[in-house]
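*Asks:* sharing a model prediction with you, sequence too.
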Amino acid sequence: MHFFIQYLWENPKFFFSWMLFVVFSVSLHEYMHAYIAFREGDDTAARFGHLTLNPFKQMGIVSLIMLVLIGFCWGAVPVNPENLRRKYSNLIVSLAGPLTNLGLFIIFSLITGFAYKFMPGIDENSKQQFFVAMFFQGAFMNMVLFLFNMLPVPGFDGYALVENFVPYEYKNSEFFKGTSIVVLMLALFFSDKLFDIGQVAAYFVVNLIVVL
């Protein structure tokens with residue numbers, strides 16, 4: 001079994017750049033949940049100190065340790081739906097995190113694409129190539145975070161779509177609960193495919209910029 005921490009001595013550049021982008025992206029994801037919840041009338045996350053990019057607050061020490069060991073982590077902010085002002089406020093708060101990852105995917109892909117377009121002399125051994133590769137890595141990783149968080153499974157941000165648009169009797173049925181478990185298991189089992197999709201999406205945007 002290959003643990004993520006092995007990259008620390010096998011490929012330290014990859015290890016630290018991955019850590020940097022994951023920690024930043026997850027922390028910003030959670031910050032946006034807290035910020036939008038505050039704007040929508042719930043100050044629970046704000047009162048608990050989640051209007052910050054501090055990863056120890058947004059992710060927690062256990063999550064950070066798991067990131068170092070196996071490359072997997074999580075984050076969470078407390079939200080009280082009863083304090084939200086509007087009917088769709090909970091949906092807006094839930095989607096704020098994944099849409100942040102989607103935005104980071106676009107930004108990092110654009111940076112990578114413009115770098116290749118206007119710095120055609122980049123080679124594999126140059127310092128510029130290392131930094132460009134970092135941003136490409138950040139791009140596809142944020143697409144993975146977006147896709148994973150949008151799973152329509154309880155506990156994931158994508159479930160807010162189910163809560164708002166699927167009839168109550170269906171989303172509380174045994175069939176739906178069973179389907180949610182199957183979807184989650186398939187996503188975990190084929191998690192490598194999510195990374196493939198993320199890379200393909202990043203390559204598409206980067207190549208589109210280069211050829212335009």
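*Replies:* Cool, got the structure. Numbering: from 1, shown residues only.
*Asks:* what about the longest helix in the protein?
*Replies:* helix 89-118 (DSSP state H).
*Asks:* just the CA atoms of stretch 201-208, as CSV, please.
*Replies:* What follows is stretch 201-208, C-alpha atoms only, in CSV (Å, rounded to 0.1, in the frame of the first residue of the first chain):
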residue,chain,number,x,y,z
ALA,A,201,-10.7,19.2,-17.5
ALA,A,202,-7.5,21.1,-16.7
TYR,A,203,-5.8,20.0,-19.8
PHE,A,204,-8.8,21.1,-21.9
VAL,A,205,-8.8,24.6,-20.4
VAL,A,206,-5.0,25.0,-20.7
ASN,A,207,-4.9,23.8,-24.3
LEU,A,208,-7.8,26.0,-25.2
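*Asks:* what's in contact with it?
*Replies:* Phe105, Ile106, Phe108, Ser109, Leu110, Thr112, Gly113, Tyr116, Phe136, Ala139, Phe140, Met143 (Cβ atoms under 8 Å, 6 or more residues apart in numbering). Quick note: C-beta positions are derived from backbone N, CA and C, even for glycine.
*Asks:* for ChimeraX, write the selection for the buried entries among those.
*Replies:* To isolate the buried members of the contacts of stretch 201-208 in ChimeraX, using 16 or more other Cβ atoms under 10 Å:
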select :105,106,108,109,112,113,116,136,139,140,143
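*Asks:* dump the contacts of stretch 201-208 to a markdown table, plus distance to Lys177.
*Replies:* Listed next are the contacts of stretch 201-208 as a markdown table, based on distance: Cβ to Cβ, whole Å:
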| residue | distance to Lys177 |
| --- | --- |
| Phe105 | 31 |
| Ile106 | 34 |
| Phe108 | 36 |
| Ser109 | 36 |
| Leu110 | 40 |
| Thr112 | 41 |
| Gly113 | 42 |
| Tyr116 | 46 |
| Phe136 | 38 |
| Ala139 | 35 |
| Phe140 | 32 |
| Met143 | 28 |
